[in-house]
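# Take this sequence and fold it.
(one chain, ligands or ions: 1)
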Amino acid sequence: MKIGFIGLGNMGAPMAANLVKAGHEVTGFDLAAPMPEGVTRAGSAAEAAKGQDVVITMLPNGAILRAVAEEVIPVMEKGAVLCDCSTVDVDSARAVAEQAGAAGLGALDAPVSGGVGGAAAGTLTFMVGGGDAAFATVKPLFDIMGQKAVHCGASGAGQAAKICNNMILGVTMIATCEAFALADKLGLDRGKMFDVVSTSSGQSWSMNTYCPAPGVGPTSPADNDYKPGFAAELMLKDLRLSQQAAEAVDADTPMGQRAAALYETFVEREDGRGRDFSAMLPRFEKRGREN
Ligand code: NAD
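Here you go, the predicted structure:
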C-alpha cells in the first residue's frame, strides 16, 4: 500500500519503520523528527498525504490533529482513508471524521496502547472507531504495527475506549501505590503483599504486570529507578481527556477526577514529570496522612 505518515516521534517512527519492513511504501512528514530508514521525507503534511491509499497521523493532541487534517483532507483522493492513531479528545476525533467523510474519505480514530516498546515490537493494541470499509482497508496495517485491533464502533469509539481504559489504569495504579505505602507502615512485607494481592480480589494489571514496588513481582519501571515506561505526564494527559469527555456527557467519575487531580499535583507541583506513572509509590511513601 502507499502510505502517508505524519508525526514520526517516539511512537510514530517505529510504527512507520515496521510498515516499511513489511514492504509498504511510506512517505513521512514531521516538523522536527528525523525519518526512520526507508521512509521518504515529504516537505509538508499535504505532500506526504497526496495520492496515498492510507494516511496515518501520530500527533501530540487534538488541536494539532485538526490543523493537520485541514491541510491533508483536501489533497487526499476519494476512497482513501485518514487513520489517526494519536490519543486526542473525542470531539476532535469526531470532527475530523466528519470533515473526512464530507470529502469522500474514510476516517478512523485508532489510538493505541502498548507504548514505545509495543510500537517498536509491532505489538500495539489498536482501539478503533469508524466505518466497516475503512476498518477493513487499514486492518492489514494494524496487523503489522500491532497484535490486536478492536473495532469498537462508530467515529470516536476508539478514543472513548482508550480514555476509559486509561482512567481505570490511573485509578488502579494510585490504589495499588497507596496500598503498598499503607502496608509498609503496617509492617507488612512487600513481597507477601504482592503474593496475596496478585492472586486475590485486589489484583489488577497495575499490581500483577506492572508492579510499582521495586524488586517485587515481574520486572517493571520500578526496577529501573522509575524511568518510563509510561510517563506520569502522559497519564495526566489521558486522565484530563477522560474528565473533559465526562464533563461533555455529564458522567459522574469521582475516582477519575481524583486521579487526574493527583497526577496533576505530581507532575506540575512535585517531581513526577519525566518519571514513570508508577512513581506514585515513592510519592506516597514519603507522605503522612495530613500532607
Ligand atoms: P512525540 O511528541 O514523540 O511525537 C509527536 C510528533 O509529532 C513529534 O515528532 C512532532 O515533531 C510531530 N508533530 C507535531 N506537530 C506536527 C505537525 N503539525 N506536523 C507534523 N508533525 C508534527 O509523541 P509520541 O510519544 O510519539 O506520542 C504520539 C501520540 O501517541 C500522542 O497522542 C500520545 O498521547 C500517544 N501515545 C503515546 C504513547 C507513549 O508511550 N509515548 C502511548 C500511547 C499513546
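
# only C-alpha atoms for contact and neighbour calcs from this point on.
Noted.

# Could you pick out the residues of the stretch 51-200 of the chain near the ligand for me?
Applying CA under 6 Å from any ligand atom, we find that the stretch 51-200 of the chain lies next to the ligand at Met58, Leu59, Pro60, Asn61, Ile64, Val68, Ser86, Thr87, Val112, Ser113, Gly115, Val116.

# Can I get whichever helix or strand the last one is part of as PDB, trimmed to CA atoms?
Under the criterion DSSP states H and E, the helix or strand holding Val116 is helix 115-121. In PDB, the C-alpha atoms belonging to helix 115-121 read as follows (Å, rounded to 0.1, in the frame of the first residue of the first chain):
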ATOM      1  CA  GLY A 115       3.800   2.400  24.400                       C
ATOM      2  CA  VAL A 116       7.100   2.800  22.700                       C
ATOM      3  CA  GLY A 117       8.100  -0.800  23.400                       C
ATOM      4  CA  GLY A 118       5.000  -2.100  21.700                       C
ATOM      5  CA  ALA A 119       5.400   0.300  18.800                       C
ATOM      6  CA  ALA A 120       9.000  -1.000  18.200                       C
ATOM      7  CA  ALA A 121       8.000  -4.600  18.600                       C
END
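
# what comes into contact with that helix?
Contact partners of helix 115-121, identified using CA atoms under 8 Å, 6 or more residues apart in numbering, comprise Asn10, Met11, Gly12, Pro14, Met15, Asn18, Leu124, Met145, Gly146, Gly229, Phe230.

# quick one: pLDDT of Gly129?
Looking at Gly129, its pLDDT is 98.

# same deal with the one 3 residues further on?
Taken from the predicted model, the pLDDT recorded for Asp132 is 98.

# That one: neighbour count?
By other CA atoms under 10 Å, the residues close to Asp132 number 13.

# So it versus Lys139, what's the distance?
10 Å (CA to CA, to the nearest Å).

# same check, this time on Gly43
28 Å.

# In helices, which of the residues of the stretch 51-200 of the chain next to the ligand appear?
Ile64, Val68, Gly115, Val116 (DSSP state H).

# Show me where the stretch 1-150 of the chain has its strands.
With strands called from DSSP state E, counting those that start in this stretch, the stretch 1-150 of the chain shows them at 2-6, 25-29, 40-41, 54-57, 81-84, 106-109, 112-113, 124-130, 146-153.

# winner for burial among these?
Looking across these with neighbours counted as mean count of other CA atoms under 10 Å, the highest average goes to strand 106-109: a mean of 29.

# returning to that earlier point: between Gly43 and Lys139, tell me which one has more neighbours.
Each of Gly43 and Lys139 has its neighbours counted (other CA under 10 Å); Lys139 has more, 18 against 12.

# pLDDT at that one, what is it?
98.

# And for it, nearest residue in space, chain neighbours not counted?
Spatial nearest neighbour of Lys139, chain neighbours left out: Ala149 (7.4 Å); criterion: CA to CA, 6 or more residues apart in numbering.

# show me the contacts for that neighbour.
Thr125, Phe126, Met127, Val128, Lys139, Phe142, Asp143.

# Could you measure from the closest residue to the first one other than its chain neighbours over to the ligand?
Translated: Thr125. Closest residue in space to Thr125, ignoring its immediate chain neighbours: Lys148 at 4.8 Å, by CA to CA, 6+ apart. Relative to the ligand, Lys148 is positioned 14 Å away (criterion: CA to the nearest ligand atom, to the nearest Å).
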